[in-house]
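J.: all I have is the shape, not the residue letters:
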């Protein structure tokens, strides 16, 4: 790990130099990603405005959670967005030939060679949205509330990364997996709403609720920690039981789910890459 921490700044510097060759393209891409998130925010805001409350969450609660979600999402975009290119056809073009010739972990190289600066814009937007809507809520900023939320948020990008990784790895078998990646990853849109709106007692709602928390856990990232912060003292339903709104317990759940999901995704990647064939093979 020490070797990779030393190498990463060099890869990052090379990524920035390649970006700066086409500065207009870099600027347009950054503005485009920021504009996309602003439009998504406005859509979410305007669609919620007429009802003012969803699943017990008021408009300010939902907007605050959306800002919170943008931070781990932006970190993931900054560091791992190159995987979309591999799922979209780079594997089919023999791009991994040069990577596999180097005595370094191939996944490290695949991610480190590219830096998505638009992810930084998402982080800034997320902090801005939280700063706007946070004062409208009655929130506890006690150390025992903030610390587990921050630690859980630090592990949350692994969830986005893991889901991209295993869907991208399918491309080692059939050359392209961009459609599968997009279809699965876009389920994150359901995670932008509080998962409690799906927990209605209807069997389909219960399936969606638990899928978003444990199988494709986009709903786990923002809903659990912020539900504990916004509604202390209320139990949170999980699977067939409920847990108390304990911030450290929720931090442990997020860490465990993110590490298990990433571990399984990396295991699948390690097996799938053995099926790689060079272009024309």
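T.: Yep, it's here. Just so it is clear, the structure is predicted and the values come from calculations on it, not from any experiment. Numbering: from 1, shown residues only.

J.: the protein: strands as residue ranges?
T.: Applying DSSP state E to the chain gives strands spanning 53-54, 57-58, 236-238, 241-243.

J.: highest average neighbour count across those strands?
T.: strand 57-58 (a mean of 20; mean count of other Cβ atoms under 10 Å). Where you see a C-beta, it was placed from the backbone N, CA and C, and this is true even at glycine.

J.: report pLDDT for the spatially most central residue of the chain.
T.: Geometric centre of the chain, nearest residue: residue 160, 3.3 Å, by Cα atoms, centre = their mean. We have a pLDDT of 94 for residue 160.

J.: ranking the strands of the chain by mean pLDDT, which is last?
T.: Ranked by mean pLDDT, the strands of the chain end with strand 53-54 at the bottom, a mean of 71.

J.: show me what it pairs with in its sheet, parallel or antiparallel.
T.: Within its sheet, and counting by DSSP bridges, strand 53-54 is paired with strand 57-58 (antiparallel).

J.: returning to that earlier point: could you dump the strands of the chain to a markdown table with distance to residue 118?
T.: Listed next are the strands of the chain as a markdown table, based on distance: least, Cβ to Cβ, whole Å:
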| stretch | distance to residue 118 |
| --- | --- |
| strand 53-54 | 28 |
| strand 57-58 | 28 |
| strand 236-238 | 33 |
| strand 241-243 | 36 |
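
J.: tell me which of those lies nearest to residue 275.
T.: strand 236-238 (36.5 Å; Cβ to Cβ).

J.: what distance do you get for the closest residue to the residue nearest to the centre of the chain other than its chain neighbours to residue 62?
T.: Excluding the flanking residues, the one nearest residue 160 by Cβ to Cβ, 6 or more residues apart in numbering is residue 76, at 3.9 Å. As judged by Cβ to Cβ, to the nearest Å, residue 76 and residue 62 stand 21 Å apart.

J.: wait, what's in contact with the residue lying closest to residue 90 once chain neighbours are set aside?
T.: Spatial nearest neighbour of residue 90, excluding adjacent residues (Cβ to Cβ, 6+ apart): residue 96 at 7.8 Å. Residues in contact with residue 96 (Cβ atoms under 8 Å, 6 or more residues apart in numbering) are 86, 90, 106, 110, 273, 276, 278.

J.: gap between residue 123 and residue 139?
T.: Counting by Cβ to Cβ - residue 123 and residue 139 are separated by 20 Å.

J.: quick one: the helices in the protein?
T.: In the chain, the segments counted as helices under DSSP state H are 2-20, 23-48, 59-80, 83-85, 96-100, 106-112, 118-133, 143-155, 157-169, 171-174, 178-185, 203-210, 218-230, 247-272.

J.: in stretch 190-204, what's buried?
T.: Across stretch 190-204, burial judged by 16 or more other Cβ atoms under 10 Å covers 190-199.

J.: and what of stretch 171-190?
T.: Buried, per 16+ other Cβ under 10 Å, within stretch 171-190: 171-172, 176-178, 180-181, 184-185, 187-188, 190.

J.: most widely separated two among those?
T.: The span of the buried residues of stretch 171-190, defined through Cβ to Cβ, is set by 172 and 190 at 28.1 Å.

J.: wait, residue 170 touches residue 183, no?
T.: No: using Cβ atoms under 8 Å, residue 170 is not in contact with residue 183; the gap is 11.4 Å.

J.: ok, residue 100 - contacts?
T.: By Cβ under 8 Å, 6+ apart, the contact set of residue 100 is 106, 276.

J.: can you report how many residues lie near residue 80?
T.: Number of residues near residue 80 (other Cβ atoms under 10 Å) recorded here: 24.

J.: so it sits against residue 162, correct?
T.: No: in terms of Cβ under 8 Å, residue 80 does not count as a neighbour of residue 162; the distance is 9.8 Å.

J.: who are the neighbours in contact with residue 79?
T.: Counting by Cβ under 8 Å, 6+ apart, residue 79 touches 111, 115-116, 119, 157, 161.

J.: which of those residues lies closest to residue 148?
T.: residue 157 (16.6 Å).

J.: could you check how far the nearest residue to residue 41 once chain neighbours are set aside is from residue 245?
T.: In space, and not counting its chain neighbours, residue 41 is closest to residue 66: 6.3 Å by Cβ to Cβ, 6+ apart. Residue 66 is 20 Å from residue 245, where distance means Cβ to Cβ.
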